[in-house]
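fold the following for me, if possible:
(one chain, ligands or ions: 3)
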Amino acid sequence: MPKYVYDFTEGNKDLKDLLGGKGANLAEMTNLGLPVPAGFTITTEACRSFLTDGGVPEGLWDEVEAHLRDMETGMGKRLGAAGDPLLVSVRSGAKFSMPGMMETVLNIGLNDESVHGLAEQAGDERFAWDSYRRLIQMFGRTVLGIEGDRFEDAIDDAKRTKGVDSDLDLGAADFQHLVEIYKGIVKDATGEEFPSDPRSQMRMAVEAVFNSWNAPRAVVYRRQERIPADLGTAVNIVAMVFGNLGMDSGTGVAFTRDPGSGQQGVYGDYLQNAQGEDVVAGIRNTLPLQELEKIDPASYRQLIGIMETLENHYRDLCDIEFTIERGKLWMLQTRVGKRTAGAAFRIATQLADQGLIDLDEAVERVSGDQLAQLMFPRFAIHADLRPIAKGMNASPGAAVGKAVFSSARAEELSGQGEDVILVRRETTPDDLAGMIAARGVLTSRGGKTSHAAVVARGMGKTCVCGAERLEVDAKERRFTGPGGVVVEEGDVISIDGTTGEVYLGEVPVMASPVVEYFEGTGGTGDALVQAVHRIMTHADERRRMAVRANADTPEDAARARRFGAQGIGLCRTEHMFLGERRQLVEDLILAVSPEERQAALDALEPLQKSDFVGILAAMDGLPVTIRLIDPPLHEFLPDLTALSVKVALAGDDAADRDRKLLAAVKRLHEQNPMLGLRGVRLGLVIPGLFAMQVRAIAQAAVERRAAGGDPRAEIMIPLVSAVQELEGVRDETERILERAGVEALIGTMIEVPRAALTAGQIAEAARFFSFGTNDLTQMTWGFSRDDVEAAFFSRYLELGIFGVSPFESIDRAGVGRLMTIAVEEGRKTRPDLKIGICGEHGGDPESVRFCHEIGLDYVSCSPFRVPVARLEAGRAALSGGGSDSR
Ligand code: ADP
Ligand code: MG
Ligand code: MG
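Ligands and ions are numbered 1, 2, ... in the order given. Predicted structure coming up:
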């Protein structure tokens, strides 16, 4: 039979899977010799078994009984005994902290008899009755599921009747009376008496904690934070210590350094004559922790010493909960504390300076997501700026604009050059056009997997969702905020997608100092910038993979280079067919004779060449992978409906060119253009098109060389499914390059599942592979990205079909498996095959890690994500394993 219960002396901090974070760290503190009350932990395994079988596993209560007896012997008290009762708390604690999501019950063991024993032992009637009413209240709410307000209302009544404001002014008799009222509430709500047997209280509380794992809000929270649903929670049973035993007692929380800035110092809150949850519940104003130095200098000094011990031991920022019982300090919780992105970088380098960690570990202590947060522009927040509401930080960034309440209005105003914020209760696929038109999106309903959140993240658009205190009235075109603020259509608001805050009016936006540092335009004096610099430098030293950028213009290429890109992994050529050049593309498509076609191509060639010259110059000396034209040609032609209408209206007078165009548009029309005539298929079907592009690349290289440059073009063929497609194009490309005296690698994208599965054959004709994971994901899942993300991805996320969109992060099991096959088989054919990735996943932290693991040579991503990819490539090289940064 498995061991379900561990005494605090038996566990340690590395047993979080089994004991949960709270239990593992209580054990660790116990073993460090810190003053932790006696206690033991029921494992997550017991919880999992309970949730599967619908009852506690066999033998669990016997084991609990044995540990309880040891505890009773050690303390010389018996649980709930009338004369001198031992009281315990029953506390949830999962592997990952889920603040406020699960339950804890204090003061278990009190009943009508033991309350007198407690009063006598403590010499304090008020304290005993206060503890008893707290038990009924917490037990009633969390174990019996009674509306918490019913108890809160009763205590407010008691204060009102007595004419006092604070619970401190209620006396023993008041609390005794409250106990009677509370018992009545329990009877009324459940039809049963409040359970007076201490053991029943304990067992019921344990089962309630198990069950709280599946409470709706916990389920939602886990989904948002991507915490697996099957971990279960541990339960800690801890001897009570009392912060509510008078003014020489109290309870508090503290951080070993500022979680906002990383600054070392004393940060925390303290509340006299109070029990645990009072500090966070905000029932009274807390004191800054420094005040404790005056109130109880001995405990204060001891606490500061313990915080130092913990920092040195955990080698990181810790947060703690403590209680002082009549001058005696007790530690009730610690864990490595959450922090802001900026603090994470600063703390990591501070700890390295202190010699607590080395730079390798400093790099592992931060994440690409945190770096990305630091790179968004932010609001210049000043002291008297107060948000009117706060929602979920669904998609980062800072957006300012006029509030609009419909998609149509968003499009209309943005068409007139206005910045707008689309405000909706929640968004639906119908809001898509409005979301695209808006600077940012604000909703009052839904979490991080709501439609608004998913779609906004996909578009890289700032989004705050689930700002529940806003009452959105789309019909009246306004929303109402707390305190009655009303925002009408056209009023300017500012939303912060990094913090979830919503402001009235225009908040000035300032550039990120971290971006200025990467751009080389900012100062380097800033402590945060210095920390980022050190960590990035070290990550660069450690990473194995190169990082390139996806860039189509000399400006983007130059910026990417400043951000540390080591070349271009994807230069798209299709925008080179837009604008004024559209006309030439039309000529190409309308050409009936080879001469006409050649004339159109000849006109395009010098234009293409000049584009390439600029990009090769910006990336001089570094590889530039140029992808030949990829999208279907009709993307460059007029819209079918518009053109049909135009020709029909003109009747007999319709221009000859329009008629011909219409015929061409009809001929080229496709039901599923993404699966139609595009990529290498175009190259094979439209004679001369690819050849023209290759000549333009070759001429550009020749020109760069003549100018003393070091051009390193690579030519990439898109959408190949079979080696036979590639062979023809490769041969022609080689001939052209040879004639021009230019050398360039010729390779292919791997973005069709068949290409991945036949990579061994394809590598015969390709010198390099680049995974086009956008298409590869579309085709592997059979999803049309442009359609499905807005249509039903939020529902899929809710249903848990995937934890994160496969377009955001590589789907390891499916798409990832195809990639793994392609890498293995490609390299079997050609051991020096160069392999990279150029889909948007190249800038996603988890995906970068995956690319490292399967042995890619480089990742390529948008210029702005290059630093994120550099950092994550470094982290992946250091740890090798999965990230565990929650
Ligand atoms: P949470 O995970 O929500 O912080 P906890 O289990 O830590 O819940 O408990 C809630 C509050 O009760 C905390 O302030 C904690 O310090 C306090 N508390 C828990 N157990 C005891 C105990 N045995 N004695 C005194 N206070 C306790
Ligand atoms: Mg706690
Ligand atoms: Mg593609």
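
can I see the domain layout of this protein?
5-239, 250-336, 376-510, 543-632+672-781+809-878, 639-669 (automatic domain parsing).

quick one: closest of those to ligand 3.
domain 543-632+672-781+809-878 (3.6 Å; C-beta to the ion). Where you see a C-beta, it was placed from the backbone N, CA and C, and this is true even at glycine.

give the rounded mean pLDDT of that closest one.
Domain 543-632+672-781+809-878 shows a mean pLDDT of 96.

does ligand 3 have contacts with that domain?
Yes. Contact of domain 543-632+672-781+809-878 with ligand 3 (C-beta under 5 Å from the ion) involves 751, 772, 775.

looking at those, spot the one nearest Thr427.
Asp775 (26.5 Å; C-beta to C-beta).

which residues touch the closest one?
Contact analysis of Asp775 by C-beta atoms under 8 Å, 6 or more residues apart in numbering lists 674, 719, 749, 751-752, 839.

the same query, at a cut-off of 6 Å, please.
Glu751 (C-beta atoms under 6 Å, 6 or more residues apart in numbering).

dump the strand or helix carrying it to CSV, restricted to CA.
Applying DSSP states H and E as the criterion places Asp775 in helix 773-781. Only the C-alpha atoms of helix 773-781 are listed here, as CSV (Å, rounded to 0.1, in the frame of the first residue of the first chain):
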residue,chain,number,x,y,z
THR,A,773,5.3,25.7,-39.3
ASN,A,774,2.3,27.9,-40.0
ASP,A,775,1.4,25.9,-43.1
LEU,A,776,2.6,22.7,-41.6
THR,A,777,0.2,23.2,-38.6
GLN,A,778,-2.7,24.1,-40.9
MET,A,779,-2.2,21.1,-43.0
THR,A,780,-1.5,18.7,-40.2
TRP,A,781,-4.6,19.6,-38.3
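
run the angle between whichever helix or strand comes after that helix and helix 773-781 for me.
Downstream of helix 773-781, the next assigned helix or strand under DSSP H and E is helix 785-798. Orientation of helix 785-798 against helix 773-781 (axes from the mean of the first three to the mean of the last three C-alpha atoms, to 10 degrees) gives an angle of 70 degrees.

helix 785-798 packs against which elements?
helix 451-459 (3 or more C-beta pairs under 6 Å, 6 or more residues apart in numbering; DSSP states H and E).

which residues touch the residue of the stretch 151-300 of the chain found nearest ligand 1?
Closest residue of the stretch 151-300 of the chain to ligand 1, C-beta to the nearest ligand atom: Gly276 (2.5 Å). Contacts of Gly276 were listed using C-beta under 6 Å, 6+ apart, and they are Thr251.

ok, now Arg559?
Pro863.

Glu596 versus that one, what's the distance?
40 Å (C-beta to C-beta, to the nearest Å).

over to Ala438?
Going from Ala438 to Glu596 by C-beta to C-beta gives 45 Å.

between those two, who's got more neighbours?
Shown here are Ala438 and Glu596; by other C-beta atoms under 10 Å, Ala438 has more neighbours (30 against 13).

contact partners for that one?
By C-beta under 6 Å, 6+ apart, the contact set of Ala438 is 410, 420-422.

how far out from the middle of the chain is the longest helix along the chain?
In the chain, taking DSSP state H as the definition, the longest helix is helix 594-618. How far helix 594-618 lies from its chain's middle: 43 Å, per C-alpha atoms, centre = their mean, to the nearest Å.

for that helix, which positions count as buried?
Using 16 or more other C-beta atoms under 10 Å as the test for burial, helix 594-618 gives 597, 600-601, 604-605, 608-609, 611-618.

next secondary structure after it?
That would be, after helix 594-618 and using DSSP H and E, strand 623-627.

quickly run through the sheet partners of that following strand, with directions.
Sheet pairing here is set by DSSP bridges, and for strand 623-627 it gives strand 568-572 (parallel), strand 712-717 (parallel).

please enumerate the strands of the stretch 651-800 of the chain.
712-717, 745-750, 768-771 (DSSP state E, counting those that start in this stretch).

Met75 is nearest to which of the ones you listed?
Across those, Met75 has its closest neighbour in strand 768-771 (62.1 Å, C-beta to C-beta).

list of residues touching that closest one?
Contact with strand 768-771 is made by 745, 747, 749-750, 819, 826, 834-838, as judged by C-beta under 6 Å, 6+ apart.

can you get me a residue count around the residue lying closest to Gln264 once chain neighbours are set aside?
In space, and not counting its chain neighbours, Gln264 is closest to Arg257: 4.7 Å by C-beta to C-beta, 6 or more residues apart in numbering. Counted by other C-beta under 10 Å, the residues lying close to Arg257 total 25.

which parts of the stretch 601-750 of the chain are helices?
640-650, 656-668, 680-685, 689-706, 723-740 (DSSP state H, counting those that start in this stretch).

quick check: which of these is buried the most?
helix 689-706 (a mean of 21; mean count of other C-beta atoms under 10 Å).

which strands and helices sit next to that helix?
With 3+ C-beta pairs under 6 Å, 6+ apart as the test, helix 689-706 has helix 594-618, helix 723-740 packed against it.

and the pLDDT for the one residue in the stretch 351-500 of the chain that gets nearest to ligand 2?
Residue nearest to ligand 2 within the stretch 351-500 of the chain: Lys390 (22.3 Å; C-beta to the ion). Lys390 carries a pLDDT value of 93.

quick one: the helix holding Asp775 to chain centroid distance?
On C-alpha atoms, centre = their mean, the centre of helix 773-781 falls 22 Å from the chain's centre.

in it, what's buried?
Across helix 773-781, burial judged by 16+ other C-beta under 10 Å covers 773, 775-781.

again with stretch 88-107
Judged by neighbour count using 16+ other C-beta under 10 Å, the buried positions of stretch 88-107 are 88-98, 101-107.

and the stretch 451-600 of the chain, which residues reach ligand 2?
Looking at ligand 2, no residue of the stretch 451-600 of the chain is close enough under C-beta under 5 Å from the ion.

three-state assignment of the residue in the stretch 151-300 of the chain that ligand 2 sits nearest to?
Nearest residue of the stretch 151-300 of the chain to ligand 2: Gly276, at 7.5 Å (C-beta to the ion). With DSSP: H, G, I helix; E, B strand; the rest coil as the basis, Gly276 sits in coil.

how near is it to Lys95?
Gly276 sits 22 Å away from Lys95, going by C-beta to C-beta.

cool, Val804 as well?
From Val804 to Lys95 the distance is 19 Å (C-beta to C-beta).

nearest to Gln530, of the domains of the chain?
For Gln530, the closest of the domains of the chain is domain 250-336, at 11.8 Å, according to C-beta to C-beta.
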